[in-house]
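Chemist: What shape does this take:
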Amino acid sequence: MRALLVFLTLIAPLGAQTPESLDFLAGLPDFREVRSMLPSAMNRAALALLEQREREVARLATLEDVARRRAYLRERTLRAIGGLPLRTPLQARSVATLDREGYRIEKVIFESQPKFYVVANLYLPKTGRSPYPAVLFPLGHEAGAKAHAAWQYMLVTLARRGYVALAWDPVGQGERVQMFDPDWGESKVIRSTTEHTMQGIQCLLAGDSLARYTIHDGIRALDYLLSRPEVDPQRVACTGNSGGGTHTAYLAALDDRIQVAAPSCYLTSWRRLLESIGPQDAEQCLPPWLGDGLDHPDFILAFAPKPYLVLSAVRDFFSISGARETYAQARAVYERLGAGEKISMTEADDGHGYSKPRREAAYRWFGKWLKGAEDAEPEAPVQPETEATLWATETGQVATSLAGETVHSLNWKRVEQARAGRATIAETPKRVQELMAWRPVSGPLKVHPFGRMERQGYRIEKLLYESEPGILVPALLYAPAGGPARKAAVLYVDSRGKSAGAAELEQIARAGLVALSIDMRGAGETRTSSPDAGSDFPRYFGDYHSAMKALLIGRPLVGQRALDITRGLDWLATRPEVDPQRIYGFGRESGAVALLHAAAVDPRLRRLALEGMLASYESVVKGHLHRNVFESVVPGALRSYDLPQLAAALAPRPVSVVNAASPLGQRVSLAEARRLYPQAAERQPGEEFRTTYAELIR
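Modeler: Purely as a prediction, here's the structure:
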């Protein structure tokens, strides 16, 4: 491997900032929407896939058609989440019982995987005769987890009316905080959705989804529920709100033991999601879901023709229009199957949550299909228990009460197990192409000039090129005056944008090299301008919506940005002042990751310098926290390669790795860099190596 490890402090800029703006699109009326270019492009691609799906679903007419659709959804879902873990002994135990008027609550602990503890509350009737119908109750993201008041209202009411009901804390919530910090006494991050997505990104690198763990927990919760002698296994329903609605949709579509489903405040449509709130946290996104031609109605179709109730809120942040459209599409199929009476929808004029109108609609639906008659009795008052009263652990946290596994530890084991199956150095470029869904674009490149600025010894040309239809790449060409007719060139990709490296680019030009600095899509002038209001996602995950949409359509952002780079190479190679045999690449931070992947598919990059690049994908999975790595994620990469291996695969082309970064953006130690790049040479400051680009021009 011909890589060079460099640890340095960049020298001060040689010249002052130029008075003219290098971000030349600012204020131009034709480019007012440039900051929405990337999300708009992702939406267009997604909508095209959804339109194709509509044509396919319109042909469903028979039970056989629906059965094939169900099989397809299951196969694609299981593939997206990385498959399900093996079913192992639950080791279930009831640790305490709360005796209440008309019902009792058992506090239960079981292992959905060995030493992966699930804490649950089982609500049991004290009247009537067993076996009772049962309700599996996955939870949403609301505070209190299984102790949330709305959940208790429903669970207690179900038990009073002769149902056995089971609720369990999802990972990252209640007693199952996965990133527990003993100093804070709570999660290292504020929101459960942030914790889910932090670990979900780590799962993606392993080729899995956080939903692998949450869905499996639900299936094992159902295993436990059906193991109880009080339960009639032929009369089982599933319902939950928000994230619990998500898992009601998942579990009902995947597990035939569920006979009745009623998801609340989740089902909408991806078309409406794209138009409104966008992709939600990790377990609610199953890449490449849209690329596989799937949408929310498929959850219902996978359950057809069994009884399905869609529970929606008119003023929910999940679009009511999408819910209505999804319901209409599913109902049309149910009617073609002669089962129109088995699907229904209830709308309440309220907001997000399992409110009383939706709870009472669920009681009626369950009564009709599990007891033979609608249950129209109004919901009686309930006195909710405190969160601590419902704890199944002594401390209120699995992390401090039970020595067990976490999503983090299980995911790391998955990565370690996958190492043996990684590609060889020779196979790596091909695997990279497959995983980043490489789609080269050929043909003439549309280039639009935007003026030039003269400098002492060089000029700056402002230009824009179209990487692919709808994707505009602003760029700056630094061209030295004089010198040989054909000069070496540097393609410069900085995650902060083309103008961030102005001082270095000036030095490159004065050293006699041509330089092209670009704003890869989603960087610089094309950076999305509207981060999530009130969310901490931008702080940790950057442009989460665009990066997740890219994964959902099956085109990771890394691969799309690599295309922007190779199209820039196309243009550089045609310039009369450029020697096409001496084109080098400089990348910084996420720009370095994209450049490294571009070099794997384009041999015209003869030498690379990568500064501040994420040291390895494995480091993201091994640590607990990461920041601003999501845009650089290639799902499943760690089943095939890691970044050091990819750098090695470029041999004999030289690669300089400069100030490699940890998942939190901090410089890794020299010892760690040596471990990651064991065959690399080293160069220390003081050996006439002052700036990163020096390796490109020496």
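
Chemist: can you map out the helices along the stretch 51-200 of the chain?
Modeler: For the stretch 51-200 of the chain, the helices defined by DSSP state H, counting those that start in this stretch occupy 63-81, 149-160, 192-205.

Chemist: Model confidence for residue 678, exactly?
Modeler: Looking at residue 678, its pLDDT reads 82.

Chemist: Ignore what I typed, I meant residue 690.
Modeler: 33.

Chemist: Deepest in the core, which of the helices of the stretch 51-200 of the chain is it.
Modeler: Highest mean neighbour count of the helices of the stretch 51-200 of the chain: helix 192-205, a mean of 26 (counted as mean count of other Cβ atoms under 10 Å). Bear in mind the C-beta positions are built from the backbone N, C-alpha and C, glycine included.

Chemist: Compute the inter-axis angle for that helix and helix 63-81.
Modeler: Going by axes from the mean of the first three to the mean of the last three Cα atoms, to 10 degrees, helix 192-205 is angled at 90 degrees with respect to helix 63-81.

Chemist: now the next helix or strand after helix 192-205, how far from the chain's geometric center?
Modeler: Downstream of helix 192-205, the next assigned helix or strand under DSSP states H and E is helix 211-227. Put simply, helix 211-227 sits 22 Å off its chain's centre (Cα atoms, centre = their mean, to the nearest Å).

Chemist: Show me what secondary structure element comes after helix 211-227.
Modeler: Sequence order places strand 231-241 as the next helix or strand after helix 211-227, per DSSP H and E.

Chemist: first to last residue in stretch 260-268, what's the distance?
Modeler: Terminal residues of stretch 260-268 are spaced 19 Å apart (Cα to Cα, to the nearest Å).

Chemist: avg pLDDT for that stretch?
Modeler: Averaged over stretch 260-268, pLDDT sits at 98.

Chemist: could the helices of the stretch 51-200 of the chain be laid out in TSV, adding distance to residue 336 and mean pLDDT?
Modeler: Below are the helices of the stretch 51-200 of the chain laid out as TSV (distance: least, Cβ to Cβ, whole Å; pLDDT from 0 to 100):
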stretch	distance to residue 336	mean pLDDT
helix 63-81	9	98
helix 149-160	33	98
helix 192-205	37	96
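
Chemist: In TSV: those, plus distance to residue 335.
Modeler: Below are the helices of the stretch 51-200 of the chain laid out as TSV (distance: least, Cβ to Cβ, whole Å):
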stretch	distance to residue 335
helix 63-81	12
helix 149-160	30
helix 192-205	37
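
Chemist: Contact partners for residue 644?
Modeler: By Cβ atoms under 8 Å, 6 or more residues apart in numbering, the residues touching residue 644 are 615, 616, 676, 677.

Chemist: where does the stretch 201-350 of the chain dip in pLDDT?
Modeler: Along the stretch 201-350 of the chain, the model assigns pLDDT under 70 to no residue.

Chemist: What segments of it are helices?
Modeler: Taking DSSP H, counting those that start in this stretch, the helices of the stretch 201-350 of the chain run over residues 211-227, 243-254, 270-275, 297-301, 320-336.

Chemist: Report all helices and strands that the second one contacts.
Modeler: Taking 3 or more Cβ pairs under 8 Å, 6 or more residues apart in numbering; DSSP states H and E as contact, the helices and strands that helix 243-254 lies on are helix 63-81, helix 211-227, strand 231-241, strand 260-264, helix 297-301.

Chemist: Partner strands of the fourth one, with direction?
Modeler: Think strand 260-264. strand 231-241 (parallel), strand 308-313 (parallel) (DSSP bridges).

Chemist: rewinding a little: would you tell me which of the helices of the stretch 201-350 of the chain gets closest to residue 649?
Modeler: helix 211-227 (29.0 Å; Cβ to Cβ).

Chemist: Which of the residues in that closest one are classified as buried?
Modeler: By 16 or more other Cβ atoms under 10 Å, the buried positions in helix 211-227 come out as 211-225.

Chemist: got the angle between it and strand 231-241?
Modeler: On the basis of the same axes, to 10 degrees, helix 211-227 is oriented at 140 degrees to strand 231-241.

Chemist: other SSEs contacting helix 211-227?
Modeler: Here helix 211-227 touches helix 63-81, strand 103-113, strand 116-125, strand 132-137, strand 164-168, strand 231-241, helix 243-254, going by 3+ Cβ pairs under 8 Å, 6+ apart.

Chemist: To residue 181, which of those lies closest?
Modeler: strand 116-125 (18.7 Å).

Chemist: For the closest one, C-alpha coordinates in PDB please.
Modeler: Extracted in PDB, the C-alpha atoms of strand 116-125 (Å, rounded to 0.1, in the frame of the first residue of the first chain):
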ATOM      1  CA  PHE A 116     -30.200  -8.700  25.500                       C
ATOM      2  CA  TYR A 117     -32.700  -7.900  28.100                       C
ATOM      3  CA  VAL A 118     -36.300  -6.700  27.400                       C
ATOM      4  CA  VAL A 119     -38.400  -5.200  30.300                       C
ATOM      5  CA  ALA A 120     -42.200  -5.400  29.900                       C
ATOM      6  CA  ASN A 121     -45.500  -5.000  31.700                       C
ATOM      7  CA  LEU A 122     -48.100  -7.700  31.200                       C
ATOM      8  CA  TYR A 123     -51.700  -6.600  31.900                       C
ATOM      9  CA  LEU A 124     -54.000  -9.400  32.900                       C
ATOM     10  CA  PRO A 125     -57.800  -9.500  33.500                       C
END
